[in-house]
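In: compute the structure for the input listed below.
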Amino acid sequence: MNLHPVVLIACIALCVLVGFAGSVFTPEPGSSWYYSVLNKPSWNPPDWIFAPVWTVLFILMGVSLSLVVREGLEKPAVLAALIVFAVQLCLNFGWSAMFFGLQSPFWGYLEIAALWLSIVLMIVLFGAVSKTAAYLLIPYLLWVSFATYLTFTIWKLNP
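Out: This is a model prediction of the structure:
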């Protein structure tokens, strides 16, 4: 099945939109909790890196999604992969809500640990449908692995 360009654009737009929606929870520069109250490790990345990294990751995620969708929604393997994709997308959004919205490194850590597991499962399920789709998700898994460790460290620094 060939992929219509509109499907590719829609898949990318969906991922970028969820990322943008999650950004409503991120703090404004100078906000007291994140910038003044919260203890962060010295290796915490600078703020400017997050937007470009997440933009690239959401684009890769959208391309990956489109490769799975093009295989046909009637296939059980595709449906299973799409369900896990939807779960991980909700968990991705949820991390911002938990960490920044609730100002809770603990709940943020639990959320991102669940996100990490869902990404691993998504890669496995996407790989059963399209190896390329699975490979496109590896940078996402690597970044979330780093973010999981960072969130864990922030939680431990702020009991």
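
In: is residue 45 in a helix, a strand, or coil?
Out: Of the three states, residue 45 takes coil according to DSSP: H, G, I helix; E, B strand; the rest coil.

In: identify the residues contacting it.
Out: Contacts for residue 45 (CB atoms under 8 Å, 6 or more residues apart in numbering) come out as residue 150. To be clear about C-beta, it is placed using only N, CA and C from the backbone, and glycine gets the same treatment.

In: distance of it relative to residue 143?
Out: Taking CB to CB, to the nearest Å as the measure, residue 45 falls 10 Å from residue 143.

In: residue 74 too?
Out: For residue 74 relative to residue 143 (CB to CB), the value is 33 Å.

In: okay, the two: which has more neighbours?
Out: With neighbours defined as other CB atoms under 10 Å, residue 74 and residue 143 compare such that residue 143 has more, 16 against 7.

In: in terms of contact, does the more buried one touch residue 58 like I think?
Out: No - using CB atoms under 8 Å, residue 143 is not in contact with residue 58, being 11.0 Å away.

In: all good on my end, thank you.
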